[in-house]
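Peer 1: could you look at this predicted model? Sequence included:
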Amino acid sequence: MIPALRQAFNAGFTQEKYLVLLHDMATQLGEPIDFRVGESPFFVPDILRDRLLAACAEINQTITSDAYYKLSEAAIPPHQRVPGDDRKPTILIADFAVCLDESGNPTPQLIEMQGFPSLFAYQILLAEAYKKHFQTDPSYDAYTGGYDSHTFSRLLRNLLLGKCSPENVILLEIEPEKQKTRADFWATRSLFGIEPVCISKVIREGRKLFYIRQGEKIPVHRIYNRVIFDELEQRTDLKPAFSMLEEVDVEWVCHPNWFFRMSKYSMPFFNSPYIPETRFVHQLEGVPADLENWVLKPLYSFAGMGVNVHVTPEDITRLQNPEHFILQRKVAYEPVLQAPDAKVKVEIRMMMFWPEGKSQPEIVTNLCRLSRGELIGVRYNKNFDWVGGASAFFRQSTR
């Protein structure tokens, strides 16, 4: 969308450079990345950057209010409520489709909120790899708010460790070595010394937790949680000694209850030109006459499971738990990134942290996803190139 930058990047792009980038990343992480890496960053024009920042500021104002905290109590399923809920979300994630407004200018439209970690450490390495292998314009980078790779790394380290030693902090997952996102786990371990640990390997002794590292039993004081309850409940083969529902003496990096508080449940509470109209299904006065312009989404799902983009009245009337679904007005992703052969759709995930001592969350970095399919996601983009996970690069005007 910035013609000079796009033309320069595409002119210098070669498949050989891209393969070297992938090899470089695999070497740093210890294995090839198990998801598709986009060939290019997305260079964000200033008008879109400013609108993304404005949208995130509006989201933060709602999410961090006392009123929303009380309202979002209803979002937490009783059988998945974790003790020790903190008032303040450590991590806020907002996924935006890149669209065009009536004047043809790029504008963001919120697709989903997430009170759950993303690929923070991995994205540091990816942004640096793009800059190294493709020699991008040095005035553009993946950070906002005056951060760069060094200051962001320091911020992330402080966020993850708090006042704990790295050995007493674990990244909690379900069989981390088998997860598609494990590249981020290895990056987190490499950069910050935090060990990825399967929930089935955590040892519980009363209110104390431990894990085994190089044959030694190490106390756990802080958990960087990456466990999703839906996935955990499907793994009936696992018999962990520790349940997240138990009272234990640990700190949480983004308490698990925020996975529900800041999910699709939050969407109907926003009122912004950057956020499409969203309604709880159980509060509908009737099925919308223009149902073709709406998407039906379950509140409690992950990785896009259960999303219905071709909704019929019958789909709504036969819902057994309509209070667990939302209708969200469709947005039109505009193909805006010029690949060598065609234009590609872009979704930008804005990442926000609320560090200790700060009065409000800070908008710090991002990841973006490139797509040629009907929807953003792996299964809609098989056998395409210039798709997959990437970084959005912003002009660094506030360093």
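Peer 2: Received the coordinates, thanks. Just so it is clear, the model here is predicted, and its values are computed rather than measured.
Peer 1: what number of residues lie near the residue lying closest to residue 22 once chain neighbours are set aside?
Peer 2: Spatial nearest neighbour of residue 22, excluding adjacent residues (C-beta to C-beta, 6 or more residues apart in numbering): residue 37 at 6.2 Å. Using the backbone N, CA and C atoms, a C-beta is placed for each residue, glycine as well. Applying other C-beta atoms under 10 Å, we find 19 residues neighbouring residue 37.
Peer 1: the one 4 residues further on now?
Peer 2: For residue 41, the number of neighbouring residues by other C-beta under 10 Å comes to 25.
Peer 1: residue 335 too?
Peer 2: 15.
Peer 1: in which helix or strand would I find the spatially most central residue of the chain?
Peer 2: Centroid-nearest residue in the chain: residue 118, 4.1 Å away (criterion: C-alpha atoms, centre = their mean). Secondary structure from DSSP states H and E places residue 118 outside every helix and strand.
Peer 1: make residue 1 into 887 and carry on from there
Peer 2: Got it, first residue is 887 now, which makes that one residue 1004.
Peer 1: that one and residue 1214, how far apart?
Peer 2: 21 Å (C-beta to C-beta, to the nearest Å).
Peer 1: what's the answer for residue 1208, then?
Peer 2: From residue 1208 to residue 1214 the distance is 15 Å (C-beta to C-beta).
Peer 1: in the helix or strand bottoming out on mean pLDDT in the chain, which residues are buried?
Peer 2: Least confident helix or strand of the chain, by mean pLDDT, DSSP states H and E, is helix 1115-1120 with a mean of 89. For helix 1115-1120, the neighbour count (16 or more other C-beta atoms under 10 Å) marks 1115, 1118 as buried.
Peer 1: can you give me the helices for the stretch 1087-1236 of the chain?
Peer 2: Ranges of helices within the stretch 1087-1236 of the chain are 1115-1120, 1144-1147, 1199-1203, based on DSSP state H, counting those that start in this stretch.
Peer 1: neighbours of residue 1020, how many?
Peer 2: Counted by other C-beta under 10 Å, the residues lying close to residue 1020 total 18.
Peer 1: next one: residue 1079
Peer 2: Using other C-beta under 10 Å, the number of residues around residue 1079 comes to 14.
Peer 1: ok, it - contacts?
Peer 2: Applying C-beta atoms under 8 Å, 6 or more residues apart in numbering, we find residue 1079 in contact with 1052, 1053.
Peer 1: from residue 1115, how far out is it?
Peer 2: With C-beta to C-beta as the criterion, residue 1079 and residue 1115 are 27 Å apart.
Peer 1: equivalent analysis for residue 1051, please.
Peer 2: According to C-beta to C-beta, residue 1051 and residue 1115 sit 29 Å apart.
Peer 1: repeat for residue 1045
Peer 2: 23 Å.
Peer 1: got the contact list for stretch 1030-1039?
Peer 2: 935, 939, 1010, 1013-1014, 1027-1029, 1041, 1077, 1248-1252, 1280, 1282, 1284-1285.
Peer 1: filter the residues you listed down to the buried ones.
Peer 2: By 16+ other C-beta under 10 Å, the contacts of stretch 1030-1039 give 935, 939, 1010, 1013-1014, 1027-1029, 1041, 1077, 1248-1252, 1280, 1282 as buried.
Peer 1: in strands, which of those residues appear?
Peer 2: Using DSSP state E, the members of the buried ones among the contacts of stretch 1030-1039 that fall within strands are 1027, 1248, 1249, 1250, 1251, 1252, 1280.
Peer 1: tell me the contacts of the second one?
Peer 2: By C-beta under 8 Å, 6+ apart, residue 1248 lies in contact with 1031, 1041, 1238, 1239, 1240, 1241.
Peer 1: among the residues you listed, who's most crowded?
Peer 2: Greatest neighbour count in the contacts of residue 1248, by other C-beta under 10 Å, goes to residue 1238: 24 neighbours.
Peer 1: from the ones in strands among the buried ones among the contacts of stretch 1030-1039, which two are the most distant?
Peer 2: For those, the farthest-apart pair by C-beta to C-beta is 1027 and 1248; their separation is 15.9 Å.
Peer 1: list the contacts of residue 1078.
Peer 2: Neighbours of residue 1078 in contact, by C-beta under 8 Å, 6+ apart: 1007, 1042, 1043, 1046, 1047, 1052.
Peer 1: count of residues packed around residue 1099?
Peer 2: 12.
Peer 1: would you confirm that it contacts residue 1075?
Peer 2: No. At 11.2 Å, residue 1099 and residue 1075 do not qualify as touching, with contact defined as C-beta atoms under 8 Å.
Peer 1: overlap of the contact sets of the two?
Peer 2: Common neighbours of residue 1099 and residue 1075 (C-beta under 8 Å, 6+ apart) are residue 1081.
Peer 1: show me the strands in the stretch 1137-1285 of the chain, by range?
Peer 2: 1137-1139, 1164-1166, 1180-1184, 1211-1215, 1223-1224, 1229-1239, 1248-1257, 1274-1276, 1278-1281 (DSSP state E, counting those that start in this stretch).
Peer 1: list the contacts of the last one.
Peer 2: Residues from elsewhere that reach strand 1278-1281, judged by C-beta under 8 Å, 6+ apart: 927-930, 932, 935, 1013, 1016, 1022, 1025-1030, 1232, 1234, 1252-1254.
Peer 1: and the average pLDDT for the longest helix seen in the chain is what?
Peer 2: For the chain, the helix with the greatest residue count under DSSP state H is helix 932-949. The pLDDT scores in helix 932-949 average 96.
Peer 1: where does pLDDT dip in the protein?
Peer 2: Scanning the chain for pLDDT under 70 picks out the ranges 1187-1190, 1283-1285.
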